[in-house]
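Engineer: kindly return the folded structure for what I paste below:
(chains A and B)
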Amino acid sequence: MNASADMSFFGLISGASLPVQLVMLILLITSLFSWWYIFIKVATIKQAEQGAEEFENTFWSGGDLNKLYESVTAGRRKPQGMASIFEAGFKEYVRHKQQGRADVSDIMEGARRAMRAAFNRELDELDAHLPFLASVGSVSPYIGLFGTVWGIMNAFMGLSNVAQATLSQVAPGIAEALVATAIGLFAAIPAVIAYNRFASSVDRLSVRYESFMEEFTNILQRKS
Amino acid sequence: MQYPRENSVSFKAGVLSVGVHVTLLAMLLISFNWKTTHPVNVTNVELWDALPAIETPKPLPTPEPVEEPQPVVKEPVVEQEVKPEPIPQAEIVIKKLPEKPVKEKPTDTKRSDALAALQKELMQDEMKKPDKPVSSDALKKLQQEALSEDKAAGDQQNFAAKAAANAGAIGEFTNKIKAKIRGNVNKTLCGDGNPELKFEIGLLPTGELSAHPKLLKSSGNPACDDAVERAIITSEPLPLPTDPALFAQFRNLKLTFKPNDS
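Structural biologist: Got it, this is the predicted structure:
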C-alpha cells in the first residue's frame, strides 16, 4: 500500500481483490455481449427498414397482386418483414376463394387473422435482444457500484491496522475500486442509448406494418 | 437466444464488438497518461563564464616551500652544500605551476572578449556593458598577478576572500532551500519528538530536481520520511544563486532536516 505503487490501468486491475476482479470480468462479458447485440440489431433493423421500403414501392406501383404474390414466394428464402405479412394475408384470401365461400366478412376475418399472426412473428424478431440491452443498461452500474463498495471497504479495513492514517494508504485501494464503476458505466451507457434508439425504430416499423395491414385489408375487401 | 435471420450478421457483429472494446482500451491507454513521470535523463550543459575557483587555489601550497629554506639560512654554514639542492627544485615547482594557466588563459580572454563584444552589439544593454569588460579586466589582472610571484600573497588574500564569500552564499542558499522545504512539510506526520533526517537531492540549474530525492538517514518514521520527501518535490523550483560558479556546489546537495525544530 504505497502511493508510488503501480498505478497503470492494468496495475489497478491486477491489484484489485478477487470479488472486485470478478465484478470486472462479469461487466466485461456483459459489455461484449451488449455490443454484439447492438451490432446485430443495427444490421437487422436496417434490413427490415430497407425491405419495407422496397416492398411498399413495388406494392403501390400498381401491379397485379397475383404476380406480386408469385414474385414474393418465388425466392428460396422465406419472405421477411412486410412481404411476409402480405404473403400470409393473400395466401389465406386465395384459399378461402378457392373453397368457394361466399361470405365476404368470413374471408376478410381469415385474411386479417393470418396477417396478424405474421405481424406478431415479425415484431417478435424485431424485439429480440432489446430486453437484454435494457437490463444491461439498468443493472451494470449497480454491479460496478457493488465492486467499488467492496473495494473501498477493503481499503478502509486495511487502514484500521495503521496507527497514523494517511491518504496514500487508502488512495490506491479506492482507485482500484473505482475502476469497477467505470467499467460498469462503460457497459451501461451504450446499452441504454442503443435500447432507446432500437425501441423507437421498432415502434415505427410496427406502425408501418399495421397501417399496411389495414390498407391491404381494404384492397382485398374491394376485390372480393 | 439466436434467430435464424441474424445468423448472417452475427459473426460480423461479434468481430465488431470485440473491435470496439479493443479500440476503446487502446484509446484509453494512449490518450491517458495514468502516471505522470518527470523525464529524469536530462543532459544538463553548463556554460562557464569564468574559470571555477577550484583550480586557482593551486598556488597556495607552492609558496610554502619558499618559506622552508628561510629557516635553513639561520643554521650553520656546514649544511649549505646539501641545501642548495631543494631550493632550485622549489623554484622549478613554482615556475612551472603558474606557467600552465598562462598558456590556457589568453585564449579564454579572447573568447570572453569576443563574447562581450558580440553581446554589446546584439543586446545593447546598458546593464551588461559595464559588467563584461570589468570581468575580463579582472581576469587579466588575475592572470598578471598569477604571473608575478611577488603578488602571490595578494592572490591568496583574494582567493580567501572569494572562498569566504562563496561559503557565505552557499550557506545562505542552503538555508533558503531548507526554509522553502520546511514550509511544505506536514509536521503533524512527524510526531512529537525531534526526528532528524538526511536527504540527498540532485538539482538542475533551473532549480528543479534532477532525480528523485534520496533518503540517506531515516527518522525512523516512514510517514515522516514520506512527508519530507513530498515537501521536497512540491517545493520545486528551489531557490538557487544566479552565479553559475556557485551552482557546482548545489548539484548534489545533502540536506539535514529537523521538521519539528522551528
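
Engineer: next secondary structure element downstream of the particular helix or strand that has residue A:20 in it?
Structural biologist: For residue A:20, the host element (DSSP states H and E) is helix A:18-60. Proceeding N to C from helix A:18-60, the next assigned helix or strand is helix A:65-74, under DSSP H and E.

Engineer: before we move on, back to that, any idea how far the helix holding residue A:20 is from the middle of the chain?
Structural biologist: 6 Å (CA atoms, centre = their mean, to the nearest Å).

Engineer: quick one: it to helix A:65-74, angle?
Structural biologist: Orientation of helix A:18-60 against helix A:65-74 (axes from the mean of the first three to the mean of the last three CA atoms, to 10 degrees) gives an angle of 150 degrees.

Engineer: helices or strands up against helix A:18-60?
Structural biologist: helix A:82-99, helix A:104-127, helix A:130-159, helix A:167-223, helix B:7-31 (3 or more CB pairs under 8 Å, 6 or more residues apart in numbering or on different chains; DSSP states H and E). (Each C-beta comes from the backbone N, C-alpha and C, glycine too.)

Engineer: which element is residue B:200 on?
Structural biologist: Here residue B:200 is assigned to strand B:197-202, by DSSP H and E.

Engineer: what pLDDT, on average, does that strand get?
Structural biologist: The average pLDDT for strand B:197-202 rounds to 83.

Engineer: repeat that for stretch A:171-189.
Structural biologist: For stretch A:171-189, the per-residue pLDDT averages 89.

Engineer: stretch A:34-53 too?
Structural biologist: Stretch A:34-53 comes out at a mean pLDDT of 93.

Engineer: name the residues that touch stretch A:99-117?
Structural biologist: Stretch A:99-117 is contacted from outside by A:85, A:88-93, A:96-97, A:213, A:216-217, A:220-221, A:224, using CB atoms under 8 Å, 6 or more residues apart in numbering or on different chains.

Engineer: ok, back up a step: which elements pack onto the strand holding residue B:200?
Structural biologist: Using 3+ CB pairs under 8 Å, 6+ apart, strand B:197-202 sits against strand B:214-217, helix B:222-234, strand B:252-257.

Engineer: partner strands of it and their direction?
Structural biologist: Strand pairing for strand B:197-202, using DSSP bridges, gives strand B:214-217 (antiparallel), strand B:252-257 (antiparallel).

Engineer: looking at those, which one is packed in the most?
Structural biologist: Among those, strand B:252-257 has the highest mean neighbour count (mean count of other CB atoms under 10 Å in any protein chain shown), at a mean of 16.

Engineer: what subset of the contacts of stretch A:99-117 is buried?
Structural biologist: Neighbour counting over the contacts of stretch A:99-117 (16 or more other CB atoms under 10 Å in any protein chain shown) leaves A:85, A:88-90, A:92-93, A:96, A:213, A:216-217, A:220 as the buried ones.

Engineer: list the contacts for the residue in the stretch 101-250 of chain B that chain A sits nearest to?
Structural biologist: Using CB to the nearest CB, the single residue of the stretch 101-250 of chain B nearest to chain A is residue B:223, 5.2 Å away. Residues near residue B:223 by CB under 8 Å, 6+ apart: A:164, A:166, B:189-190.

Engineer: do that again at 6 Å, thanks
Structural biologist: When contacts are counted by CB atoms under 6 Å, 6 or more residues apart in numbering or on different chains, residue B:223 touches A:164, A:166, B:189.

Engineer: how about it, nearest residue that isn't a chain neighbour?
Structural biologist: residue B:189 (4.7 Å; CB to CB, 6 or more residues apart in numbering or on different chains).

Engineer: quick check: the one you found is in a helix.
Structural biologist: Yes - under DSSP: H, G, I helix; E, B strand; the rest coil, residue B:189 sits within a helix.

Engineer: any idea of the pLDDT on the residue lying farthest from the centre of chain A?
Structural biologist: Farthest-out residue of chain A from its mean C-alpha position, per CA atoms, centre = their mean: residue A:163, at 53.2 Å. If you check residue A:163, the pLDDT there is 76.

Engineer: do you know the pLDDT at residue 154?
Structural biologist: No chain was given, so I picked chain A. 87.

Engineer: ah, no, chain B please
Structural biologist: At residue B:154, pLDDT is 55.

Engineer: could you do residue A:91 as well?
Structural biologist: 91.

Engineer: look up the closest residue to it, ignoring the ones flanking it.
Structural biologist: residue A:114 (7.0 Å).

Engineer: hmm, back to that, any chance of the strands paired with strand B:197-202 in a markdown table, plus distance to residue A:29 and mean pLDDT?
Structural biologist: Listed next are the strands paired with strand B:197-202 as a markdown table, based on distance: least, CB to CB, whole Å; pLDDT from 0 to 100:
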| stretch | distance to residue A:29 | mean pLDDT |
| --- | --- | --- |
| strand B:214-217 | 46 | 83 |
| strand B:252-257 | 52 | 80 |
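
Engineer: of these, which is nearest residue B:167?
Structural biologist: strand B:252-257 (14.6 Å; CB to CB).

Engineer: ok and that closest one relative to helix B:222-234, angle-wise?
Structural biologist: 130 degrees.

Engineer: re the thing from before, of the contacts of residue B:223, closest to residue A:18?
Structural biologist: Using CB to CB, the contacts of residue B:223 come closest to residue A:18 at residue A:166, 25.9 Å.

Engineer: got the contact list for that closest one?
Structural biologist: Contacts of residue A:166 by CB under 6 Å, 6+ apart are residue B:223.

Engineer: report pLDDT for it.
Structural biologist: So residue A:166 comes in at 79 (pLDDT).

Engineer: now residue B:139
Structural biologist: Confidence score, pLDDT, at residue B:139: 69.

Engineer: what is the neighbour count of residue A:159?
Structural biologist: 14 (other CB atoms under 10 Å in any protein chain shown).

Engineer: ok, it touching residue A:172?
Structural biologist: No - assessed by CB atoms under 6 Å, residue A:159 is found out of contact with residue A:172, at 11.5 Å.

Engineer: give me the secondary structure label for residue B:50.
Structural biologist: coil.

Engineer: what distance do you get for it to residue B:247?
Structural biologist: Using CB to CB, to the nearest Å, residue B:50 is found at 13 Å from residue B:247.

Engineer: so where's chain A shaky on pLDDT?
Structural biologist: A:1-7, A:101-102 (pLDDT under 70).

Engineer: and what of chain B?
Structural biologist: B:1-5, B:32-42, B:44, B:51-112, B:119-157, B:159, B:162, B:261-262.

Engineer: what residues are up against the most centrally placed residue in chain A?
Structural biologist: Centroid-nearest residue in chain A: residue A:130, 2.9 Å away (criterion: CA atoms, centre = their mean). Going by CB under 6 Å, 6+ apart, residue A:130 touches residue A:198.

Engineer: if we can go back for a sec, gap between the residue of the stretch 101-250 of chain B closest to chain A and residue A:166?
Structural biologist: Taking CB to CB, one finds residue B:223 at 6 Å from residue A:166.

Engineer: cool, and residue B:175?
Structural biologist: 29 Å.

Engineer: do the same with residue B:217
Structural biologist: 21 Å.
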